[in-house]
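Visitor: Pasting a predicted model and its sequence here:
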Amino acid sequence: MEPVLSVENLSVRFPGRAGDITVVDDLSFSLEAGRSLVIAGESGSGKSMACQTLLGIAPGSARVTATRIGWRGRDLQKLSQEDWRGVRGAEIAMIFQDPTAALNPLITVEHQIVDAVRAHRRCSRDEARARAVEVLGMAGFPDAAQRMKSYPSELSGGLRQRVAIALALANAPSLIIADEATTNLDVSIQAQIVKLLRELQKKLGMALIFVTHDLGLAAEIGDDLLVMYAGHAVEYGPARGVLADPCHPYTRGLLRSAPTLKSSRDNPLVPIPGQPPQPGSIGGGAPFRSRCPVSVAGVCETARPGWSEAGPGHLVACHRFAQDGRRGLP
Amino acid sequence: MNAAVSTSAGVLEARNIVKTFSVRREGRTREVRAVNDVSVAVAPGEIVGLVGESGCGKTTLSRIMIGIEQPTQGEVRYGGKPVADRADWAALRRSVQYVFQDPFTALCPTMRIGKALAEPLAIHGLCAPSERDGKVARMLEMVGLHPDVARRMPNQLSGGQRQRVNLARALMVEPKILICDEIVSGLDVSVQAQVLQLLLDLKQRLDLSLIFISHDLRVIRYLCDRVLVMYLGEIVEQGETASVFDNPRHDYTRTLLAAIPDHSRALAAMADNA
Amino acid sequence: MGSFIIRRVAQSLIIVVLIAVTVFLVLRLSAGDPARIRAPVFARPDVIEQYRRDFGIDRPLIEQLGSFFLNALRGDLGQSFRFQAPVTDLILQALPKTLMLAGVSLALSLAVAIVLGSLAALRPRSFWGWLSSAVAAFGQSAPVFWTGAVLVLVFAVGLRWLPSGGYNGLSSLVLPAIAVTLSILPTQLRVLRASMQAVLKEDYIRTARAFGLRERRITFVYALKNACLPLLTVIGVDIGYLLGGVIVAEVVFAFPGIGELALVALNARDYPLIQGITIVTASFFVIVNLLIDLLYTRVDPRIRLERS
Amino acid sequence: PARALAADGAPAGTLTYGNAEPPTSNYWDPAAGFGLVDEQVASLVHDTLLAFDDAGKVQPSVATAWELKSPTTVALTLRSDVKFHDGKPVTAEDIKATIDRLGEGKLAQSMVVVPGIKVNIASPTSIEVVSPQPFGVILNALAFIKILPKANIDNPDNFKKGALGSGPYKFVSYSGNDVVLEANPDHWAGAPKIKTVTFRYIEDAQARINALLSGQVDILTRVSSEDLARVEGNDTFIVNRQSPPAQIVAIYQHNGPLGDVKLRQAVAHAINREAIAKSLMRGANSVGFSSLPTNSPFYTPLEPKFEYDLEKAKALLAESSHAGGVTLRMSTSTLVPNQIEIDQVIAASLQQIGINVEVERLEVGAFRSSYNTYDINLNTLAIFNNDPDFVLGFYVGGTGEAVFHFKDAKYEELHAAQRAATPDKRAEAVTAAASYLWENQVTLYLSDEVWHFIVNKRVHDYVRAPLVGENLLAKVSVAS
Amino acid sequence: MAAPATLPTQGGPGLIQRLRVNVALGAGVVLLVIMVLAAVAAPLLASSGPTEVDLMAVRLPPSPQHWFGTDAVGRDLLSRVLYGGRVSLLIAGVGMIGSLTLGTLMGMLAAFGNRFVRPAVDRVIEIQLAFPYVLLAIAVTSAVRPSTPVLILLMVLAAWAAAARVVRAIALQERGKDYVKAAEVLGASRLRIAMLHVFPSVLPSLVVLAAMQMAAMIVFEATLSFLGMGVQPPTPSWGGIMLDGKNYITSAWWVASLPGLAIVVTSLALVLIGDGLQARTEAMRAREGDR
Ligand SMILES: Nc1ncnc2c1ncn2[C@@H]1O[C@H](COP(=O)(O)OP(=O)(O)OP(=O)(O)O)[C@@H](O)[C@H]1O
Ligand SMILES: Nc1ncnc2c1ncn2[C@@H]1O[C@H](COP(=O)(O)OP(=O)(O)OP(=O)(O)O)[C@@H](O)[C@H]1O
Ligand SMILES: [Mg+2]
Ligand SMILES: [Mg+2]
């Protein structure tokens, strides 16, 4: 099946005092209609930046380069400003991390959704309002017709996130990007939202990119999983495959340092030593090398690891794996 | 719900705490009960977990226990005696310390790390000024930081490093009990594990008791001996960690447990489906 | 809501009363005997006594203060020494012109601040960014009277386009309004530019963009509304500066408003008039701030009258 | 003859004066006023027994005839058809009350008469004015004294309500800036030609000349040399130079440091009067060497000249009781043309010899009522009744004390002597009194002041007597 | 444990921005230094004394002898402007220090005082802000004769509340942060917290405020003098010189406009300094906030 989205060699750089700082480095992935992709990684690994380039809303100072960002047969890089506007919200929509910040505090929920609808459709206010009620209903927003007259500040966090979802659904996009859409919510609400997104995605046949740093969530929502570290993709494949059989030392380290419901002190966590690197401080070589327990001396410092195949569709970027296979991993 | 009352030395206890805030909304003043008749006690050497959803009153309760907030009703007791006046609180704070949630706001942005760490020593006159630097260096090493860090400003440190500095500062007065309010929530998983390990390590070495607040049940399960589950300002369930987790009795606890994203469980589920 | 308004109004009232008492006492205690000041050089003691009775200053201070307030409540602020007319009338005569000048200046500066500030925030490195910095720095450093003098030199003396002073219809308003605008513009411009810059970085702007809204709509509906909130506060505080600027401009342009009246009152040591003007202006300031507070709570749903 | 005026001769039009000063007082009592505006208003609202013409000669007025019976007594015949504006007739009783009050002293204008002067009523239309001592300029005084209703003199509170007289104009209102008068159609000499006369106070010099140039004001009084320069070559205006002999002086307070004659003389030597007159007044004013204006009767230059000489100034200062230097307080305003500039020059000049001057700026009204509380102040002394007696009279009695805190027995003698002197001895007596003031430098005599009025040509036949007031205005008309 | 060796660099202002800030700041400092030096060295630079009149050289236009021309009584305007700078700068400088001192004190009290002090101080600040500054000056100068100390007092009176408000806002904001609570838990006294923890955070804003307030005071003092409420003649101050020239605006433009340039240049210098410092502070804050 032809993927709706195919990203090839995407890089994002920011100008810095001492040359450019690369925050997304040579990232490639693709996504088929109706499937979901989880992008996971620690804070600052470039997840949000990668997503924002897909909507052309990366900060003005960002320099985005890619061989191609294919979207339904077009290259997003080549769109004019006006064409971009037609894609944003209508074909690709985004749900942001912090619903409080993402909604304009001075404009009612209704007005914001109506605006989003009318940005792409020539329709009357009343029609747009009806659509607003409809999508709010889909997003599980109770009593939409009345409560959508509220300002965002009058809603709870969970409800605000539902408004953000409704906003994303407003123009029936083919792809929804959810950037840490549940991170600020309580676990119980997070569970509801994740369930809702999954259902909507199935029902409406949308593709979904879900960004998170919680590998636990990745398993619940994603068909595919992309693990990022310091702007690099280090492991990519079907979520189940990657989580059951992580083949990059970083993915392994993450899984072992995160407590699960089964963990206890008898079975202590194994922290990854050191700190996540500052962006731009990687240079050439393997991004994880400074914290890696099994780095290959002389290779990891100089050469960027290429993809090795660890299973069907399961790719790993690691010199050690390339050299020693699963045996060499910690 | 009343916890068993213990009068033995070294026990920090909050008894029948009620805290109401008056919130003005639309011009009307409303009372919000943030904490409703809650009792907690920590025995020496124990790690007590406090878990519950956002806004259930965890922070409020913990701040009452260190005296940053005053309870509407109820009292805090330490070593069997009620903590009443200023002097009592000052004394209590020599034995009980508090670590704040956000590593980025809990350090004075204009003060070097060394100075920040030496402050408790200066305030309480714990040692001669000449010995302070040495003590600071030793404490930094204890929390796994290079003594050079003393010369830095907070903004030159990463979140994990700052949280270590916060811990170190609380430990400068050599407390017996440490109250930690969501101290790992803001950290990346890989760093979170480092801090959790450090806490366990410190507890061993310094014979600390901990009140550990988190909304992440996975962390609580890993770290705590005993757990209290809070819901809407009340404690709805408490007990040994393993028994609460394996055998939750309250509906709310069950909902919480069910909602935890967990890859092992998800994988198991997928495996079942496959 | 109701109780908030009552509280806020009560606060404002207290402030006005405090200001009035302070002004009254300061002038009474330090200014010397108004009768001696106003009576002619050749006045005999009985004439001075007569003046004293006329001014009502032969009574104890407390009584004077009391009757001052009683009269003030009835809208009577006393009799001007200099003009021998009720202070209230004099102020009512001058106030409309001052308010007109202040209003025009405020509107002008807000318009410029909003347009120029927004443009500068959108494109900080463009000509607009440079212009707004230059205007802000210059406006802040050039005294109103100097700008006024230069404007007169160029447009009244040199080009003869506009009158150099006095009040003969709207054309007399142009130069003073420009001078005042230049002096109050910098703060507004800076604030709007900064807040616009901050707002443009906000997530909700990114959201609006991500949903394909037009740039113009984003800037002038989604961003401007938010960016103007701090401006509202600034206006409240700036009313004092605005009035200050207006007073100076009135003097420079011999514009017959409150400011000129105040200066005449000052130079003539006309204490009742000084007192009246000070109290009326301060009250005006307090009222504007009250209104702005109330407006703020209207505009910003987040506040909902919770400011303290 | 008042009735003779036909409808086409009815008063018409308005005339507005632009003045640099307001009236001096809240009370419309001409005997208490001493400023330009007081006199402008009083000269139109009130009648006088006799009147000056534009050449300064005495003419009949309310008194149709007079006879000098002795050096101390004048007999006058009164008109019987004179009415105050409130309709009451002007009687001999009113005239008696007016003049007797001045004779009692204490009023600002008491100085125009000999203390103790009295009126004897012979019949309702004939009176005698009797001075206790010979009074050489008694006719001048009678041409100056404004006739008031006895009712107001008995109850001075009435003066607060506005000016009430029998003159060609009625008092209408005073707003603090504008004094408005309206023609009295029933005046015994016939209705004046102009209907409304306004005396407008415009403090700011720029605003004043702008008002003239824009036609809001018809006559600008006592203009400065800058103002004259502004209308030079402008044929909309004429410049009127008819003026009372006047002198710009710096008034000293003799109860302060300036009570010391050496200090006063030091000051006189420190100031370059010629240069001030030449540059600040653009040569329009002449510098006199006496305590009288050069164009006043009996003026003669005196010695020593108190010329500009810093060495002498320093020497005199060293001899004074303020050898270590002294600080004087001065208030400045815009009353005298170029007052602020002159004051600054005085301050700077005094600084050169070690006298410090603290200057305070005041509005004219406030300046007017408070200058006698400062050490030194610029002011003008004008000869109201066209005789040096008036200006010499400033320095005696209540006025001398009120204005200068000056009381000098020797001078009072000299002053009385010149008043009593027979015409042939008058010049000598006046010069003796003037020399005494000059030698003692009782004030700083800066220069003459020539009063320039700029008049819009729409005002026809504008004439003035050599007086402060406008008593000849009734004959002036304006083009509509 | 290795910590990053260099500070994070992105997030701060770009190169051009920084360059511009530095140019403005540099230009401001240079201009201010020139103006201050000129005022200090007035006796050396001026061709005549500030009150020395020359009645033979009245209202001369600018020329090689008199760069700024002469005024209505023949005083050399450049000399007057130089000497006037001493008065103006002294009043503005001392006024600024006084206003900041008082403002900081009151602002800190408004943030850290006990529950009776805080609202009281708040009200005082509010009342003070409610007073239009020119009217305040009118009220004061009508009661006492204006002199240098009185003017300095006026500057302080007019400006302290604005400073207090800034200090109060920052202090309150900081006070709400956890580090203050942390210090409290460690047993630090309120005074210690205010001085050691919070004050340093206020300091950068105070420095900016110092420049801005001094600029405002230069303008304010000149305005007062121009309205006749300032230093009394013949002592020169910039506004006073312009007042002297007010009546000659049509006949001698230089008397009213050239001294104004001194005011504009000096306050512009201070504004540039303030702007530059502000940009630096913001960049610093951005870096501090950088995680
Ligand atoms: N405007 C910018 N200028 C310079 N660097 C930036 C800018 N915005 C983001 N960055 C940097 O880019 C890197 C990637 O940021 P990004 O937001 O994509 O991370 P993330 O993976 O989404 O992290 P998080 O989990 O915290 O959201 C970060 O190091 C960040 O500091
Ligand atoms: N100063 C305050 N004024 C008013 N209400 C407050 C105040 N502090 C806390 N509350 C309210 O008290 C309740 C409990 O707050 P608390 O911070 O203790 O919750 P929490 O369990 O720590 O939540 P979180 O997980 O979000 O930190 C909340 O509803 C909160 O809104
Ligand atoms: Mg992100
Ligand atoms: Mg909390």
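Guide: Great, that's in hand. Numbering: from 1, shown residues only, chains lettered A, B, ... in the order given. Ligands and ions are numbered 1, 2, ... in the order given.
Visitor: ok, now how distant is residue D:34 from residue E:104?
Guide: Going from residue D:34 to residue E:104 by C-beta to C-beta, to the nearest Å gives 55 Å. For every residue, glycine as well, the C-beta is placed using N, CA and C.
Visitor: meant to ask about residue A:151, not that
Guide: Taken as C-beta to C-beta, the span from residue A:151 to residue E:104 is 38 Å.
Visitor: cool, residue B:180 as well?
Guide: Distance from residue B:180 to residue E:104, by C-beta to C-beta: 36 Å.
Visitor: Please say which of the two ends up with more neighbours.
Guide: Ranked by neighbour count (other C-beta atoms under 10 Å in any protein chain shown), residue B:180 and residue E:104 place residue B:180 first, with 26 against 22.
Visitor: Any idea how many residues pack against the closest residue to the more buried one other than its chain neighbours?
Guide: In space, and not counting its chain neighbours, residue B:180 is closest to residue B:99: 4.7 Å by C-beta to C-beta, 6 or more residues apart in numbering or on different chains. Using other C-beta under 10 Å, residue B:99 has 26 neighbouring residues.
Visitor: Same question for the one 10 residues further on.
Guide: For residue B:109, the tally of surrounding residues (other C-beta under 10 Å) stands at 19.
Visitor: didn't it look like it was pressed against residue B:152?
Guide: No. With contacts counted by C-beta atoms under 8 Å, residue B:109 stays clear of residue B:152, the gap being 12.0 Å.
Visitor: Please name every helix or strand in contact with the longest helix seen in chain D.
Guide: Longest helix of chain D, by residue count under DSSP state H: helix D:423-439. In terms of contacts (3 or more C-beta pairs under 8 Å, 6 or more residues apart in numbering or on different chains; DSSP states H and E), helix D:423-439 is packed against helix D:388-393, helix D:409-420.
Visitor: List of residues touching that helix?
Guide: For helix D:423-439, contacts defined as C-beta atoms under 8 Å, 6 or more residues apart in numbering or on different chains pick out D:136, D:289-292, D:297-298, D:300, D:302, D:304, D:306, D:388-389, D:392, D:395, D:410-411, D:414-415, D:417-418, D:420-421, D:443, D:445.
Visitor: And the helices and strands packed on helix D:423-439: which comes nearest chain A?
Guide: Of all the helices and strands packed on helix D:423-439, helix D:388-393 sits nearest to chain A, with 76.9 Å by C-beta to the nearest C-beta.
Visitor: what pLDDT, on average, does the closest one get?
Guide: Across helix D:388-393, pLDDT averages out at 86.
Visitor: next one: stretch A:309-329
Guide: 89.
Visitor: First-to-last residue distance for it?
Guide: With C-alpha to C-alpha, to the nearest Å as the measure, stretch A:309-329 spans 15 Å from end to end.
Visitor: in that stretch, what counts as buried?
Guide: Using 16 or more other C-beta atoms under 10 Å in any protein chain shown as the test for burial, stretch A:309-329 gives A:310, A:314, A:315, A:316, A:317, A:318, A:319, A:320, A:321, A:322, A:329.
Visitor: Around the closest residue in space to the fifth one that isn't next to it in sequence, count how many other residues there are.
Guide: Residue nearest to residue A:317 in three dimensions, not counting chain neighbours: residue A:305, with 4.5 Å by C-beta to C-beta, 6+ apart. The tally of other residues near residue A:305 (other C-beta under 10 Å) stands at 24.
Visitor: Surely residue A:305 and residue A:288 touch.
Guide: No. Residue A:305 is not in contact with residue A:288 according to C-beta under 8 Å; the separation is 9.2 Å.
Visitor: Do I have it right that residue D:137 meets residue D:389?
Guide: Yes. Between residue D:137 and residue D:389 there is a contact under C-beta under 8 Å: 5.0 Å.
Visitor: Compare those two and say which is more crowded by neighbours.
Guide: residue D:389 (28 against 22).
Visitor: ok, the more buried one to residue B:206 distance?
Guide: Residue D:389 is 109 Å from residue B:206, by C-beta to C-beta.
Visitor: How about the backbone phi and psi for whatever residue of the stretch 51-200 of chain E ends up closest to ligand 2?
Guide: Residue of the stretch 51-200 of chain E nearest ligand 2, by C-beta to the nearest ligand atom: residue E:176 (10.0 Å). Per-residue torsions, residue E:176: phi -80, psi -10 (degrees, to the nearest 10).
Visitor: where's residue E:194 relative to residue E:208, distance?
Guide: Residue E:194 is 20 Å from residue E:208, by C-beta to C-beta.
Visitor: What ranges does the stretch 1-150 of chain A have for its strands?
Guide: A:5-16, A:19-31, A:36-41, A:63-65, A:68-71, A:74-75, A:92-95 (DSSP state E, counting those that start in this stretch).
Visitor: Kindly report the same for chain E.
Guide: Assigned strands in chain E: none (criterion: DSSP state E).
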